[in-house]
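Chemist: need the 3D shape of this:
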Amino acid sequence: MTRFKLFIPLIIFMLVGAFFYSTMGRISEGDYDPQALPSALLNKPLPHFALPKLENDQHLVQPKDLLGEIALINVWATWCPSCHIEHPYLNHLAKKLDVVIYGVNYKDENKEALRWLKNKGNPYRFNIVDAQGKLGLDLGVTGAPETYVIDHRGFVRMRHQGPMSGAVWTQKFLPLIERLQQEQAAHSQQEPSKG
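Modeler: Okay, the predicted model is just below:
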């Protein structure tokens, strides 16, 4: 038994090595996509929050203020290099494609964020100030930028980590949004007319 105890560290090392080797195999085969991180909120409603609006800090925003339309929630900050890269495409989505985007200004300074929007353009319907990162924590944010798709009921339907781009929009977001639009249309047809 004493001799077996000597081999325990070696056995643990071999098991850990085998785990990492199998993970590296999946990465090299293209099965692993670091931007396709699942969200604990997938197909669940947005977490509760009551946070100030960046554009008017006297007004508190709650999840009910985001209901009614399929929309993106984009987590961004002025200190985030990738947010600078994706911002022109967010402007394109909002202005050219009429996509509804809500911003979550994450662990940032309000004055800097407002200056950014003035200088770079504002693709957001409005921005939620998440100065402490509490909403980000509840959403499962690991770092900016991250973009979520919510349906018209406020349920999280997708999470994307990393900058938005034309390729990401076309490959990941657009097919889901088109499907959600079909679901919403089918649901509204099933609802009995009022009055």
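Chemist: packing partners of the helix or strand Asp57 falls within?
Modeler: Taking DSSP states H and E as the definition, one finds Asp57 inside strand 56-61. Contact analysis of strand 56-61 by 3 or more Cβ pairs under 8 Å, 6 or more residues apart in numbering; DSSP states H and E lists strand 51-53 as its packing neighbours. Backbone N, C-alpha and C define where each C-beta goes, glycine included.
Chemist: coming back round to it: what pairs with the next helix or strand after the strand holding Asp57, parallel or antiparallel?
Modeler: Sequence order places strand 71-76 as the next helix or strand after strand 56-61, per DSSP H and E. Using DSSP bridges, the strands paired with strand 71-76 are strand 101-106 (parallel), strand 146-150 (antiparallel).
Chemist: and strand 71-76, how far from the chain's centre?
Modeler: Relative to its parent chain, strand 71-76 has a centroid offset of 6 Å by Cα atoms, centre = their mean, to the nearest Å.
Chemist: could you list the low-pLDDT ranges of this protein?
Modeler: Residue ranges of the chain with pLDDT under 70: 1-39, 191-195.
Chemist: rerun that using 90 as the cut-off
Modeler: 1-42, 183-195 (pLDDT under 90).
Chemist: which residues of it fall in helices?
Modeler: 2-28, 81-96, 110-120, 134-139, 166-168, 174-190 (DSSP state H).
Chemist: give me the helices and strands touching the last one, please.
Modeler: Secondary structure elements in contact with helix 174-190, counted by 3+ Cβ pairs under 8 Å, 6+ apart, are strand 146-150, strand 156-161.
Chemist: looking at these, which is buried most?
Modeler: Highest mean neighbour count of the helices and strands packed on helix 174-190: strand 146-150, a mean of 23 (counted as mean count of other Cβ atoms under 10 Å).
Chemist: can I get that one as PDB, trimmed to CA atoms?
Modeler: Extracted as PDB, the C-alpha positions of strand 146-150 are listed here (Å, rounded to 0.1, in the frame of the first residue of the first chain):
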ATOM      1  CA  GLU A 146     -20.000  40.200 -25.800                       C
ATOM      2  CA  THR A 147     -23.300  40.300 -27.600                       C
ATOM      3  CA  TYR A 148     -26.500  38.500 -26.700                       C
ATOM      4  CA  VAL A 149     -29.700  37.900 -28.700                       C
ATOM      5  CA  ILE A 150     -33.000  38.300 -26.900                       C
END
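Chemist: from here on, count from 49
Modeler: Right, with 49 as the first residue, what we last looked at is strand 194-198.
Chemist: what residues does it touch?
Modeler: For strand 194-198, contacts defined as Cβ atoms under 8 Å, 6 or more residues apart in numbering pick out 87, 94, 114, 118-123, 187, 204-210, 212, 221, 224-225, 228.
Chemist: extract the C-alpha trace of stretch 158-178 and format it as PDB.
Modeler: This file holds the C-alpha atoms of stretch 158-178, laid out as PDB (Å, rounded to 0.1, in the frame of the first residue of the first chain):
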ATOM      1  CA  ASN A 158     -19.900  57.600 -17.900                       C
ATOM      2  CA  LYS A 159     -18.100  60.700 -19.200                       C
ATOM      3  CA  GLU A 160     -15.700  58.600 -21.300                       C
ATOM      4  CA  ALA A 161     -18.600  56.500 -22.600                       C
ATOM      5  CA  LEU A 162     -20.700  59.500 -23.600                       C
ATOM      6  CA  ARG A 163     -17.700  61.100 -25.400                       C
ATOM      7  CA  TRP A 164     -17.100  57.800 -27.300                       C
ATOM      8  CA  LEU A 165     -20.700  57.700 -28.500                       C
ATOM      9  CA  LYS A 166     -20.600  61.300 -29.600                       C
ATOM     10  CA  ASN A 167     -17.400  60.800 -31.500                       C
ATOM     11  CA  LYS A 168     -17.900  57.300 -32.900                       C
ATOM     12  CA  GLY A 169     -21.700  57.300 -33.400                       C
ATOM     13  CA  ASN A 170     -24.400  55.700 -31.300                       C
ATOM     14  CA  PRO A 171     -25.900  52.500 -32.500                       C
ATOM     15  CA  TYR A 172     -27.700  51.800 -29.300                       C
ATOM     16  CA  ARG A 173     -31.400  52.500 -28.600                       C
ATOM     17  CA  PHE A 174     -30.100  53.200 -25.100                       C
ATOM     18  CA  ASN A 175     -27.300  52.200 -22.800                       C
ATOM     19  CA  ILE A 176     -27.400  50.600 -19.400                       C
ATOM     20  CA  VAL A 177     -24.700  51.700 -16.900                       C
ATOM     21  CA  ASP A 178     -23.100  48.600 -15.300                       C
END
